[in-house]
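Undergrad: Mind folding the following:
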Amino acid sequence: MKRAALSWQGLVALVCTIAAMFTLPLYAAGASAPPSSATSALIALLAIAAALVSFAPISRTLAATALFVGAHGAAWLLLATLPGNEGLATSSFFLLLVAGWLLASRCVTELSELQPPAPAGRWLLRLLIPAIFGAWILIVWEAVSRGAGIPFVILPPPSAIWTRISGSLPILGEDIRQTIFKAVLVGYVIGCASGFAVAILADRFAFLRRGLLPIGNMVSALPIIGVAPIMVMWFGFDWQSKAAVVIIMTFFPMLVNTVAGLAASGNMERDLMRTYASNYWQTLVKLRLPAAMPFIFNALKINSTLAMIGAIVAEFFGTPIVGMGFRISTEMGRMNVDMVWAEIAVAALAGSIFYGVVALAERAVTFWHPSIRGG
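TA: Alright, predicted model coming up:
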């Protein structure tokens, strides 16, 4: 049970809703499908009720539920009034949109304060909070782009992008297979594995460590737009040249992070291993590699995004008539911006899944680390 208090989000949302009621209608004169006064009143009523609930001395769970229903119900009704009225939204429309966004922000604040005792509840919160953030990015994007009549070539609404995605699944599937399942995965595995192997050798032999790390810092600063055309000339136009770019981009982050991780174990632990008469390889396997795992997974997570960027950008410099980078380049030239955004959305989703898989593996392997246990 929380005490009664005025939240600034609820207070500002209440002011915005009241102001919106005095500036009705939602759309300017000439709108072909203006909403009824009952719809406008229902949107305002949901926002006002949710704002008042945020002040009430009730449990955080109940407050978060009421705020969630009020904010998203008002937003859904507001978006439902847009068809036929694009570009004619008035200040009342945008005031109600701001009110809904503030109520959703208050909902996230209440959810962040919850501490469920069950692991399932904690996992649900970890998924729900970022989902609300992401949903409101799309809601605001949709409402502003359509309500304000932003030209399609500048910023298409999410609904148009989704329509393009659902209507272009075979094309997107071929692009994913070419870019992700060939260039990205092959380059990522080879780059990370070779960086790890060379890091072990560099740790074992001091001359390699002193010679390779400065070169690694220099190569990491090479611009991808300079490396990609060279790889295309060396390895051809197919996915092999893009995999080569990915290998270059992922090799040195893994090398540098692994070398740093192998030096992370303390002197006391190393002295203890020496008292047990452990040789180099036993110490490496039993002590130093486990201590280096947070560093190694940090490199794997960094490389999961670098690999996607490298493969897509490399396709701008020569590729068969398939691939995500090829599609972005050609469709932008044709001004098919919805297809460009569809490719961007699919790449972002694939990159997020890739990163999430690595993060889950990190939690399973480094469960002993304080940062994981505290999460």
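
Undergrad: Check the spacing between the closest residue to Leu24 other than its chain neighbours and Lys242 real quick.
TA: Spatially, and ignoring its direct neighbours in sequence, Leu24 is nearest to Ser92 (5.1 Å; C-beta to C-beta, 6 or more residues apart in numbering). Bear in mind the C-beta positions are built from the backbone N, C-alpha and C, glycine included. With distances taken as C-beta to C-beta, to the nearest Å, Ser92 is found 50 Å from Lys242.

Undergrad: Which of these two has more residues huddled nearby?
TA: Lys242 (33 against 22; other C-beta atoms under 10 Å).

Undergrad: okay, the more buried one: pLDDT?
TA: Note for Lys242: predicted pLDDT of 90.

Undergrad: Would you confirm that it contacts Leu185?
TA: No: contact between Lys242 and Leu185 fails when scored by C-beta atoms under 8 Å: they sit 11.2 Å apart.

Undergrad: Spell out the residue ranges of the helices in the stretch 101-250 of the chain.
TA: Secondary structure of the stretch 101-250 of the chain, counting by DSSP state H, counting those that start in this stretch: helices at 119-147, 158-167, 169-178, 185-204, 206-220, 224-235, 239-262.

Undergrad: the inter-axis angle of the last one versus helix 169-178?
TA: Same thing as helix 239-262. Helix 239-262 runs at 60 degrees relative to helix 169-178, counting by axes from the mean of the first three to the mean of the last three C-alpha atoms, to 10 degrees.

Undergrad: is it true that Arg363 lies in a helix?
TA: Yes: looking at Arg363 with DSSP: H, G, I helix; E, B strand; the rest coil, it is inside a helix.

Undergrad: what residues are up against the closest residue to Ile180 other than its chain neighbours?
TA: Closest residue to Ile180 apart from its sequence neighbours, by C-beta to C-beta, 6+ apart: Ala350 at 5.6 Å. By C-beta atoms under 8 Å, 6 or more residues apart in numbering, the contact list for Ala350 reads 176, 180, 308.

Undergrad: Please identify the most buried of the helices of the stretch 101-250 of the chain.
TA: Among the helices of the stretch 101-250 of the chain, ranked by average contacts under mean count of other C-beta atoms under 10 Å, first place goes to helix 239-262 (a mean of 24).

Undergrad: which secondary structure elements does that helix contact?
TA: If you count contacts as 3 or more C-beta pairs under 8 Å, 6 or more residues apart in numbering; DSSP states H and E, helix 239-262 packs onto helix 185-204, helix 206-220, helix 224-235, helix 289-314.

Undergrad: Identify each buried residue in stretch 286-295, please.
TA: 287-295 (16 or more other C-beta atoms under 10 Å).
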